[in-house]
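# Structure for this input, please:
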Amino acid sequence: MFGTDGRRRVAISRITKGEIFGESLIVLGTGRTRNVRATTQLDCVFIPLEDFQAMLKSCPPVIQAVMKRLVRRQQ
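Predicted coordinates for the structure are as follows:
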């Protein structure tokens with residue numbers, strides 16, 4: 001993932017096999033905070049926001065709260 005250091009783009013982390021990104025946007029409803037660019041060939045699963053929100057709403061409220069707290073901790 002990339003961030004900015006003044007005016008230039010810098011790599012701030014690497015995502016490896018099995019990891020996820022975009023969770024703060026999809027769970028907390030925040031705006032996009034990072035740009036991601038693949039440096040190797042990959043397979044990626046895209047879950048539309050509406051579909052994920054429907055899945056999340058089917059979870060018990062305690063699970064929803066725990067998921068939100070875990071995502072906030074990662075920020």
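
# Could you measure from residue 72 over to residue 32?
17 Å (Cβ to Cβ, to the nearest Å). (Each C-beta comes from the backbone N, C-alpha and C, glycine too.)

# Neighbour count for these two, which is higher?
Between residue 72 and residue 32, residue 72 has the larger neighbour count (other Cβ atoms under 10 Å), namely 12 against 9.

# Now residue 37: closest residue in space, sequence neighbours ignored.
residue 2 (6.7 Å; Cβ to Cβ, 6 or more residues apart in numbering).

# separation between that neighbour and residue 33?
Here residue 2 is placed at a distance of 11 Å from residue 33 (Cβ to Cβ).

# So which helix or strand of the protein has the lowest pLDDT on average?
Using mean pLDDT, DSSP states H and E, the weakest-scoring helix or strand in the chain turns out to be strand 2-5, at a mean of 72.

# Which residues outside it are in contact with it?
9, 10, 11, 12, 34, 35, 36, 37 (Cβ atoms under 8 Å, 6 or more residues apart in numbering).

# Next, give me the two most distant ones among those.
10 and 36 (13.8 Å; Cβ to Cβ).

# of these two, who's got more company?
Ranked by neighbour count (other Cβ under 10 Å), residue 10 and residue 36 place residue 36 first, with 12 against 9.

# list the contacts for that one?
Residue 36 makes contact with 1, 2, 15, 21 under the criterion Cβ under 8 Å, 6+ apart.

# Once you drop chain neighbours, what's closest to the first one?
This points to residue 1. Leaving out its chain neighbours, the residue that sits closest to residue 1 by Cβ to Cβ, 6+ apart is residue 34, at 4.3 Å.

# And the one you found, how far from residue 61?
As judged by Cβ to Cβ, residue 34 and residue 61 stand 29 Å apart.
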